[in-house]
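**Student:** just to be clear, the model below is a prediction. Sequence and coordinates:
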Amino acid sequence: MRVATQTGFVLHSRPYKDSSALAELFTLEFGRISLVVRGARRKKSRSRLAITPFQELLLSWTGRGELYTLTDVEQKTLVPAMTGKRLASAFYINELLMRLLHRNDPHSGLYTAYRTALLELADRDCNIQSSLRLFEKRMLDELGYGLVLDYTVDTGGPVVDNHRYTYHVEHGPVRASIEDKMPVVHGSTLLALHSEKLDGEQCMKEARNLMRYVLQHYLGTYELKSRALLDNAL
């Protein structure tokens, strides 16, 4: 199989043999793929682009099975460099995709959400917490794990701003009780996530706790390595 000029981003890479690398990429039309990038660790090699994260690339490859070989790469979109909290946030969303995406399973909507998140994080005027929460929500939607945020699953009634709720993963919100040990979130936060208009300290904190709780359900026992880095940066 030969594939030419496909759009994609590097999620992760590691050394391979003398001067090559193995790269995990998220592509628009092929989903997550694995590539051998020959000569990637040579300083003047153009193939180094194929192990550069957070830049949108045009990639060509050949091969069969689950491991392909890069044949060409060039830059498509230059994403401004990130540092500090923004860089830690970008590594966090890359690790999420590494854990939750299956190979060779395209998600064009998720690709768009990922690209949008990176461009937002690179914008110094953008709110980091809002960008992360909205990416997490959109990612779950695209992977088939979408959240119910505007009505209660026990009564079917609408979520109310000043009511308090707990979230039952793979079901939805129910009115909170004193005995609940799950994260408690106000209806206003659920509705803000639903409308993708997050604002205010309480809303941001509750949305973060809720999304962390939900995501851990799908991550299982795996602990994200980038989360500690992100928590320290934020």
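**Tutor:** Everything's here; your move.
**Student:** could you use CA atoms for every contact and neighbour count after this?
**Tutor:** Will do.
**Student:** got the domain boundaries for the protein?
**Tutor:** Split into domains by automatic domain parsing, the chain comes to 2-77, 84-233.
**Student:** now tabulate these in TSV and tack on mean neighbour count.
**Tutor:** Listed next are the domains of the chain as TSV, based on neighbours: other C-alpha atoms under 10 Å:
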stretch	mean neighbour count
domain 2-77	18
domain 84-233	17
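**Student:** turn those into TSV, including mean pLDDT.
**Tutor:** TSV is the format used below for the domains of the chain (pLDDT from 0 to 100):
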stretch	mean pLDDT
domain 2-77	94
domain 84-233	94
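**Student:** in which helix or strand would I find the residue of the chain most remote from its centre?
**Tutor:** Distance from the centre of the chain peaks at Ile178, with 33.4 Å (C-alpha atoms, centre = their mean). Using DSSP states H and E, Ile178 sits in no helix or strand.
**Student:** any idea how far it is from Gly156?
**Tutor:** Taking C-alpha to C-alpha, to the nearest Å as the measure, Ile178 falls 21 Å from Gly156.
**Student:** repeat that for Gly84.
**Tutor:** Here the criterion is C-alpha to C-alpha. By it, Gly84 lies 43 Å from Gly156.
**Student:** now swap in Lys197 and tell me
**Tutor:** When distance is defined by C-alpha to C-alpha, Lys197 is 23 Å away from Gly156.
**Student:** and Leu190, by the same measure?
**Tutor:** Distance of Leu190 to Gly156, computed by C-alpha to C-alpha: 15 Å.
**Student:** any idea which helix or strand carries the residue sitting nearest the centre point of the chain?
**Tutor:** For the chain, the residue nearest the mean C-alpha position is Ile93 (3.6 Å; C-alpha atoms, centre = their mean). Secondary structure assignment for Ile93, by DSSP H and E: helix 84-100.
**Student:** off-centre distance for that helix?
**Tutor:** Distance, stretch centre to chain centre, for helix 84-100: 7 Å (C-alpha atoms, centre = their mean, to the nearest Å).
**Student:** i'd like the first residue to be 37 from this point on
**Tutor:** Taking 37 as the first residue, the last one we looked at is helix 120-136.
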